[in-house]
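1. Okay, here's the prediction I keep looking at, along with the sequence it came from:
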Amino acid sequence: MELDEAFASKADIANAVLEQLTTVMNDYGYEIMESLVTDLSPDARVKASMNEINASRRLKEAAHHKAEADKVKQIKAAEAEAESKYLSGLGVARQRKAIVNGLQESVAEFSEEVEGSSPKDVMDILLLSQYFDTLTHVGANNLLLEHDPSVVAKLQAQVGKSTGFYK
């Protein structure tokens, strides 16, 4: 029996002592009623060694539990970030869809209400207004840019070439 088991089973040791003493002492006319094991006292070095082993085991368990907790935190944080990005993407997609729908309605209404205007004219006006909106936002941040009216025409030509709208 190992020392750890001995500490855990004092009652078993007491019963074993009781059985052996009963058989031996019956020959001499004595009856043993009870055998008590009150304390086990191993050598001080053995106690220190056992305490070190127990402390080491507990530290190992604590490190394992802490690592598991950190793992769960990282997984939950990653899941939350993924959900956030997914919802952000949905929001951006809805925003862009609303912009496209609004542009389609604006082009259709403007073309119907102003005679002689084509959808290309409307898109040129929208492009120009968006360009000026961008300049306004950039100007609000005190960023200085060179501006030339021909930039809008060049921008329109570049957009037309890349999208194939204007030929």
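-> Nice, thanks for sending it over. This is a predicted model, so every value here is computed, not measured. Numbers count the residues shown, from 1 in each chain.
2. can we go C-alpha only for contacts and neighbour counts from here?
-> OK.
3. From the centroid of the protein, which residue is nearest?
-> Centroid-nearest residue in the chain, with CA atoms, centre = their mean: residue 77, separated by 1.4 Å.
4. Could you check which helix or strand contains it?
-> helix 44-113 (DSSP states H and E).
5. How far off centre is that helix?
-> 3 Å (CA atoms, centre = their mean, to the nearest Å).
6. Numbering from 51 from now on, please.
-> Taking 51 as the first residue, the last one we looked at is helix 94-163.
7. so after that helix, what's the next helix or strand?
-> Sequence-wise, the next helix or strand downstream of helix 94-163 (DSSP H and E) is helix 169-190.
8. What is the distance between that next one and the centre of its chain?
-> Distance, centroid of helix 169-190 to centroid of chain: 41 Å (CA atoms, centre = their mean).
9. just the angle between the helix or strand following that helix and helix 169-190, please?
-> Remark: after helix 169-190, the chain's next helix or strand is helix 200-213, criterion DSSP H and E. Helix 200-213 runs at 120 degrees relative to helix 169-190, counting by axes from the mean of the first three to the mean of the last three CA atoms, to 10 degrees.
10. Helix 200-213 - what's its average pLDDT?
-> Taken as a whole, helix 200-213 has an average pLDDT of 71.
11. How about it, which residues are buried there?
-> Residues 202, 206 are the ones in helix 200-213 that count as buried (16 or more other CA atoms under 10 Å).
12. What is it packed up against?
-> Judged by 3 or more CA pairs under 8 Å, 6 or more residues apart in numbering; DSSP states H and E, helix 200-213 is in contact with helix 169-190.
13. Name the residues of the helix it packs on that are buried.
-> For helix 169-190, the neighbour count (16+ other CA under 10 Å) marks 169, 172, 173, 177, 178 as buried.
14. where in this protein is pLDDT low?
-> Where the chain drops to pLDDT under 70, the residues are 51-54, 56, 189-197, 209-210, 212-217.
15. Please report how far residue 207 lies from residue 84.
-> According to CA to CA, to the nearest Å, residue 207 and residue 84 sit 107 Å apart.
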